[in-house]
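[1] Next one to model:
(chains A and B)
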Amino acid sequence: MAHAVLEEVEEGPSPMALPLFNGKLAMWLFLVTEIMFFTGLIGTYIILRNGTPTTLHPWPTPHDVHLAEWMGAVNTFVLICSSLTVVLAHHALGKGNVKFATQMIAVTLALGCVFLVIKAFEYQAKFSHGIIPGHIFEKLDGQTGPRFQRHVDEQLKEIVEHPEHNGATGDAAKAWETFLADVKNIKAEGDKEKAKLDNRLNADKAGLSGKHEKLEGDANLKGEEKEKQSRTLAAEETKLYADFEKDVQANNKTVADKIEAKRKELKGKQPTIGAVADSWAVLQLSANLGPKKLNLELVGIDTERHKGVRPQKCDLVEGYKPQVVEEGLLNKYEDLHVSHAISFGNLWASCYFVMTGFHALHVIGGLVIFVLILLMAWRGNFHRRHEGMVELTGLYWHFVDIVWIFLFPLLYLV
Amino acid sequence: MTDPHGSAEDHAHGPSVQAYLVIFGALCVFTLVSFVVNALFPPHSMTALFIILAVAVCKATLVVMYFMHLKYDWPKVYFIMVPVVILAVMMMIVLLPDGVVGWHFDNPLMEAPNPNP
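    Okay, the predicted model is just below:
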């Protein structure tokens, strides 16, 4: 009996065997586990994407998170091309055309690399704008507002101190230095003027207190007359302070006007320095507002729209515009390296990096296999009998393509 | 590792180079369609969402059916594919209850009680 069974196995596939070769069965089994893996990720993303945002705190738009749709579309195209080349490689190998198959594998490898390079540029754009999970400011109420303000101020300082990081080179950088020196001089002049005003005030005060003492010591004057003169002196003192206040204000305005004129002149002369000059202006404004107040202009807070929302938590700001800055610096200069406040930005970044990261790892895995195939071909060990291997590699690569086919619209478009 | 008989058989049923090129062209057109639809429709448009997702499903179907030869291999692998489709749908259903996490945001009814009234 046992002998008969053995004979049957030796003769051909058992009636229980599957009608496909082992490698293909294994690859399909592997791919279905991969389908479950990415279904989990994509399903979680869809739930978070649709379950959390509200009209007040919407999901970030691609523009908010520096996502370029065309880059995603180009990457989709690149992967589709690579899918075509790998399937052509398999087809050619089946026909015995090893040379063409090898070339097609090489093209696939190159296209996979192009995909990763574009991905790297996309990641770089996220990193340079601070779009990293856990680093994004979302709600600006409570203590987060001042922290965001300090964070933005630090970034603005960096821009002002290193204008070359924002495209200012050569003449522009020099012009910027000249401008800063001019500002210093104007401020020094203003301080001198202020010191003069202080001296004048002190001298006048001394004169007044002398008069006052004299009046007190004068025994000849009657009570009523004394009262009258005392009132006159008080009025004089009030006028003195008012005049001082007015002159100080005028002095401040002169200084501010002079600086603003210089700044406009600089911007007119050096267009590349515009973003830096505006950053500087915002920084000055922010310094004047004080550390406890948010720079409303910069953050783009819409105090009207969100009145009455969570009043107990909005002690610093009554509300905020979730979609970053609509008027103001960041809207004017999109590439300025200043953090935005993005509602659900951290959740978005987590989803984005997990999904695209795992996909990129799969792409790298595919590239390793293509390199191995090319090494085999280079050593003259790549023949028609390897058709099955190329087919399995193709199956895996097409799966990676399909994952991107879903990731692209879900992350970039809808 | 490989079975030359099996692959030769697969190959005999596989599409021609022309067919592959046609599929490739269709995939490119579909990508363009989803990009253009996204640009033309206003943001958060349900119509655009529907079109874009339908296009993605069409693209995936083309890749699976022709590039992955599922059209020809279906009788051989259906017993793996059918369970995974059921399981994937079930996983989505299991995740659905988490759709209520948004209820905690901006909903005055869900505000935590003020500890210092």
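
[2] Can you show me the helices along the chain?
    Since you didn't name a chain, this refers to chain A. For chain A, the helices defined by DSSP state H occupy A:2-11, A:22-51, A:69-94, A:98-128, A:144-161, A:171-217, A:223-269, A:274-289, A:296-299, A:329-332, A:345-378, A:387-408.

[3] Oops, wrong one, chain B.
    Using DSSP H, helices in chain B cover B:4-13, B:17-40, B:46-62, B:70-95.

[4] residue contacts, residue B:100?
    Counting by Cβ atoms under 8 Å, 6 or more residues apart in numbering or on different chains, residue B:100 makes contact with residue A:51. Placement of C-beta: from N, CA and C, glycine included.

[5] which residues of the chain score low on pLDDT?
    You didn't pick a chain, so chain A it is. A:1-17, A:53-57, A:139-143, A:145-146, A:166-168, A:271, A:282, A:284-335, A:340 (pLDDT under 70).

[6] ah, no, chain B please
    If you take pLDDT under 70 as the line, chain B has these spans: B:1-13, B:101-117.

[7] quick revisit: kindly reformat the helices of chain A as TSV containing distance to residue B:99.
    Shown next, in TSV, are these (distance: least, Cβ to Cβ, whole Å):
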stretch	distance to residue B:99
helix A:2-11	53
helix A:22-51	4
helix A:69-94	26
helix A:98-128	27
helix A:144-161	27
helix A:171-217	52
helix A:223-269	50
helix A:274-289	40
helix A:296-299	31
helix A:329-332	32
helix A:345-378	14
helix A:387-408	19
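
[8] Residue A:234: neighbour count?
    12 (other Cβ atoms under 10 Å in any protein chain shown).

[9] That one and chain B, how far apart?
    For residue A:234, the distance to chain B (Cβ to the nearest Cβ, to the nearest Å) stands at 47 Å.

[10] Identify whichever of the helices of chain B lies nearest to residue A:108.
    helix B:17-40 (13.3 Å; Cβ to Cβ).

[11] Taking helix B:46-62 as reference, get the angle to the closest one.
    Per axes from the mean of the first three to the mean of the last three Cα atoms, to 10 degrees, the angle that helix B:17-40 makes with helix B:46-62 is 160 degrees.

[12] Report the closest residue of chain A relative to chain B.
    Relative to chain B, the nearest point of chain A is residue A:388 (3.2 Å; Cβ to the nearest Cβ).

[13] Can you report how many residues neighbour that residue?
    23.

[14] now do the one 5 residues further on
    Under the neighbour criterion other Cβ under 10 Å, residue A:393 is assigned a count of 22.

[15] How about the contacts made by residue A:216?
    Applying Cβ under 8 Å, 6+ apart, no residues qualify as near residue A:216.

[16] so residue A:367 makes contact with residue A:106?
    No: counting by Cβ atoms under 8 Å, residue A:367 stays clear of residue A:106, with 11.5 Å between them.

[17] just checking, residue A:66 touches residue A:132?
    No: at 11.9 Å, residue A:66 does not count as touching residue A:132 under the criterion of Cβ under 8 Å.

[18] higher neighbour count, those two?
    residue A:66 (19 against 15).

[19] so who does the more buried one touch?
    Counted by Cβ under 8 Å, 6+ apart, residue A:66 has contacts A:125-126, A:129, A:131.

[20] Residue A:276 contacts residue A:158, doesn't it?
    No: the pair residue A:276 and residue A:158 does not pass the contact test of Cβ under 8 Å, sitting 10.7 Å apart.

[21] So between those two, which is more surrounded?
    Neighbours per residue, other Cβ under 10 Å: of residue A:276 and residue A:158, the larger number sits with residue A:276, 29 against 14.

[22] what about the nearest residue to residue A:69 once chain neighbours are set aside, how many residues close to it?
    Closest residue to residue A:69 apart from its sequence neighbours, by Cβ to Cβ, 6 or more residues apart in numbering or on different chains: residue A:412 at 5.0 Å. Look at residue A:412: counted by other Cβ under 10 Å, it has 22 neighbours.

[23] just checking, residue A:412 touches residue A:62?
    Yes: taking Cβ under 8 Å as the definition, residue A:412 is a contact partner of residue A:62 at 6.0 Å.

[24] which residues are in contact with both of those two?
    The contact lists of residue A:412 and residue A:62 share residue A:69, where a contact means Cβ under 8 Å, 6+ apart.

[25] Look up how far residue B:86 lies from the residue lying closest to residue B:83 once chain neighbours are set aside.
    Nearest residue to residue B:83, sequence neighbours excluded (Cβ to Cβ, 6+ apart): residue A:32, at 7.9 Å. As judged by Cβ to Cβ, to the nearest Å, residue A:32 and residue B:86 stand 11 Å apart.

[26] ditto for residue A:123
    Relative to residue B:86, and taking Cβ to Cβ, residue A:123 is found at 36 Å.

[27] same deal with residue A:59?
    Taken as Cβ to Cβ, the span from residue A:59 to residue B:86 is 30 Å.

[28] Which of the two has more residues huddled nearby?
    The neighbour count for residue A:59 versus residue B:86, taken as other Cβ under 10 Å, is higher for residue A:59 (20 against 10).
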